[in-house]
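Asker: from the sequence below, what's the structure:
(2 chains)
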Amino acid sequence: MFDLQGYGELVLKGFGLTVAVALLSLAISTLLGMIGAVAKLSKSRVARTIAGVYTTIIRGVPDLVLMLLIFFGGQMLVNDIGDWMGWEYIDISPFIAGTLTIGFIFGAYMTETFRGAILAVPRGEIEAGHAYGMTGPQTFFRITLPAMVRHALPSFGNNWLVLAKTTALVSVIGLHDMVYNAGAAGFTVKKPFTFYLLAAGLFLVITATSDIALRWTNKRYSSGVRKA
Amino acid sequence: MDLSIVIENLPLYLQGLWLTVQLVVMALFFGMLLAIPIALLRTSKNPLVYGIPWAYIYFFRGTPLLVQLFMIYHGLGQFEVVQKSFLWPFLKEAYWCALLAFALNTAAYTAEILRGAIEQTAFGEVEAARACGMSRALMFRRIILPSAFRRALPAYGNEVIFMLHGSAIASVVTLVDLLGAGRIVNSRHFAPYESYLTAGLFYLGLTFLIVWGFKMWERRWHAHLRPRET
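Answerer: Numbers count the residues shown, from 1 in each chain, chains lettered A, B, ... in the order given. Take a look at the predicted model:
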């Protein structure tokens, strides 16, 4: 059952793409989450409302629905804009659509994570920053940001684990990731179970490695905290 | 935007809604039936007892639901034993495969939620139960499980929403659930906004319904935790 008949390499190639999609969308979601959290905590009512609508709608609709909407709908939008502006035909690649969608979805979850973490930073520390004459952005980057990391990490780690598993969905829009390649190889040699099990095992490798890395980071960022 | 496409296909969406609700409710029911014994075994201190539930939970929580569904729907046919068994008439149907994958998946998440809740039982309650002379089974039934269910309720509400959202992948294995209806409409009219936004709105409505339902449920089960009205 475990003879891969030379197709193991194809799955490994897909593994590389899966990791690339995951890391890239993690970067996008972290950026969006940061912006969203600052917007939710800002004094501007417009910013708060936009961030609120964003997190509510994204977290209320399945990721696959959003992915198909952005993949097919986005292509149409680009075509319409292209016709209007007189561009040549632009093809939205499944890689871009998939990465953007996953980044966009998890940006909403990251917003909640970072919002909670910023609120957990003692008010006095931020006031002390202001008292030293730091500007708003200076206080944010020098005081709030480093201090919130510890509070954000556990939930950030959870989001990452869910995000890594969500990347499997990009196979539905035709991206040749690990799941897609495992399927293709499995059908060719008539061993779909074996190859999907291999893909599942490689996902467990991602999960287990991240678990260790997260535990280590958590320890580093909590080094100044006393524990009973 | 052309709303006539949506109105014309409303019966298809309602049919999809019914299948989605069916799959989610049944998966949650069978998942819960499985999760309770798994969680109980998982809380044991004997590695021989908690080993298998641990591996089960680790596998199903660590791999994508889509891969699990593919392993069952596309994968099981690889084994002749399965093809010749009495279960094959079921396992070759996408419907039963999806239900099986969803139930096994939600069982793992639910078991992990229940395990956390069971392990947080106040030790005084356990001691009191022992002092009253309850047997282990009676203690679980009367003391530990009722209070664990209460503590698990908010996390379980999230899991129900995740199951609803996860169920959208049933459309990948040919089933016409809510998203499946959206995909059919899109391929008929090539109207991605209308078709997918409509499906998305239905899911959003279901999500709000679940959130509201759990709020009501919590109000009942957590009545003793509410601030007293003066």
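Asker: quick check: residue A:203 touching residue B:64?
Answerer: Yes - Residue A:203 sits in contact with residue B:64 when judged by CB atoms under 8 Å, with a separation of 6.3 Å. (C-beta placed from N, C-alpha, C; glycine too.)
Asker: so what's in contact with the two at the same time?
Answerer: Listed as contacting both residue A:203 and residue B:64 by CB atoms under 8 Å, 6 or more residues apart in numbering or on different chains are A:165, A:168.
Asker: can you report phi and psi for residue B:133?
Answerer: phi 80, psi 20 (degrees, to the nearest 10).
Asker: so how far is chain A from it?
Answerer: Using CB to the nearest CB, to the nearest Å, residue B:133 is found at 35 Å from chain A.
Asker: burial check on that residue, number of neighbours?
Answerer: For residue B:133, the count of nearby residues is 8 (other CB atoms under 10 Å in any protein chain shown).
Asker: likewise for residue A:81?
Answerer: 11.
Asker: just the one 3 residues further on next, same as before
Answerer: Here the count is done by other CB under 10 Å, and residue A:84 has 8 residues near it.
Asker: list phi and psi for it.
Answerer: Dihedral angles (degrees, to the nearest 10) for residue A:84: phi -70, psi -40.
Asker: swap in the one 5 residues further on?
Answerer: As for residue A:89, its main-chain torsions (degrees, to the nearest 10) stand at phi -60, psi 130.
Asker: contacts only, for it.
Answerer: Taking CB under 8 Å, 6+ apart as the definition, contacts of residue A:89 comprise A:79, A:82.
Asker: quick one: it from residue A:81, how far?
Answerer: 12 Å (CB to CB, to the nearest Å).
Asker: got any ranges where chain B has weak pLDDT?
Answerer: For chain B, applying pLDDT under 70 flags the ranges B:230.
Asker: get me the contact residues on it for chain A.
Answerer: Residues of chain B lying close to chain A by CB under 8 Å from any CB of the partner chain are B:58-59, B:62-68, B:70-71, B:74-79, B:164-169, B:171-172, B:179, B:182-183, B:186, B:192-193, B:196-197, B:199-200, B:203-204, B:207-208.
Asker: among those, name the buried ones.
Answerer: B:59, B:62-68, B:70-71, B:74-78, B:164-169, B:171-172, B:179, B:182-183, B:186, B:192-193, B:196-197, B:199-200, B:203-204, B:207 (16 or more other CB atoms under 10 Å in any protein chain shown).
Asker: mind listing which of the residues you listed are in helices?
Answerer: B:59, B:62, B:65-68, B:70, B:164-166, B:179, B:182-183, B:186, B:192-193, B:196-197, B:199-200, B:203-204, B:207 (DSSP state H).
Asker: can you pull the buried residues of the helix or strand of chain A with the lowest mean pLDDT?
Answerer: Using mean pLDDT, DSSP states H and E, helix A:74-85 stands out as the lowest-scoring helix or strand of chain A, at a mean of 82. For helix A:74-85, burial by neighbour count (16+ other CB under 10 Å) applies to residue A:74.
Asker: and the next element down the chain from it?
Answerer: helix A:94-120 (DSSP states H and E).
Asker: return the set of buried residues in that next one.
Answerer: A:94-95, A:97-115, A:117-118.
Asker: does that helix come close to chain B?
Answerer: No - on the criterion CB under 8 Å from any CB, helix A:94-120 is out of touch with chain B, staying 10.3 Å away.
Asker: got the angle between that helix and helix A:74-85?
Answerer: With axes from the mean of the first three to the mean of the last three CA atoms, to 10 degrees as the basis, helix A:94-120 and helix A:74-85 are set at 110 degrees to each other.
Asker: off-centre distance for helix A:94-120?
Answerer: 6 Å (CA atoms, centre = their mean, to the nearest Å).
Asker: likewise for stretch A:110-127?
Answerer: Centroid displacement of stretch A:110-127 relative to its chain, using CA atoms, centre = their mean, is 20 Å.
Asker: show residues contacting it.
Answerer: By CB under 8 Å, 6+ apart, the residues outside stretch A:110-127 that reach it are A:29-30, A:32-34, A:36-38, A:40-41, A:51, A:54-55, A:139, A:143-144, A:147-149, A:151-152, A:155-156, A:159.
Asker: just the CA coordinates for stretch B:90-102, please, in PDB.
Answerer: The C-alpha trace of stretch B:90-102 is given here as PDB (Å, rounded to 0.1, in the frame of the first residue of the first chain):
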ATOM      1  CA  PHE B  90     -23.400   3.600   1.500                       C
ATOM      2  CA  LEU B  91     -19.700   4.500   1.100                       C
ATOM      3  CA  LYS B  92     -19.900   5.000  -2.700                       C
ATOM      4  CA  GLU B  93     -22.500   7.700  -2.100                       C
ATOM      5  CA  ALA B  94     -21.100  11.300  -1.700                       C
ATOM      6  CA  TYR B  95     -23.900  12.000   0.800                       C
ATOM      7  CA  TRP B  96     -22.900   9.300   3.300                       C
ATOM      8  CA  CYS B  97     -19.200  10.000   2.800                       C
ATOM      9  CA  ALA B  98     -19.700  13.700   3.600                       C
ATOM     10  CA  LEU B  99     -21.700  12.900   6.600                       C
ATOM     11  CA  LEU B 100     -19.100  10.400   7.800                       C
ATOM     12  CA  ALA B 101     -16.200  12.800   7.300                       C
ATOM     13  CA  PHE B 102     -18.100  15.700   9.000                       C
END
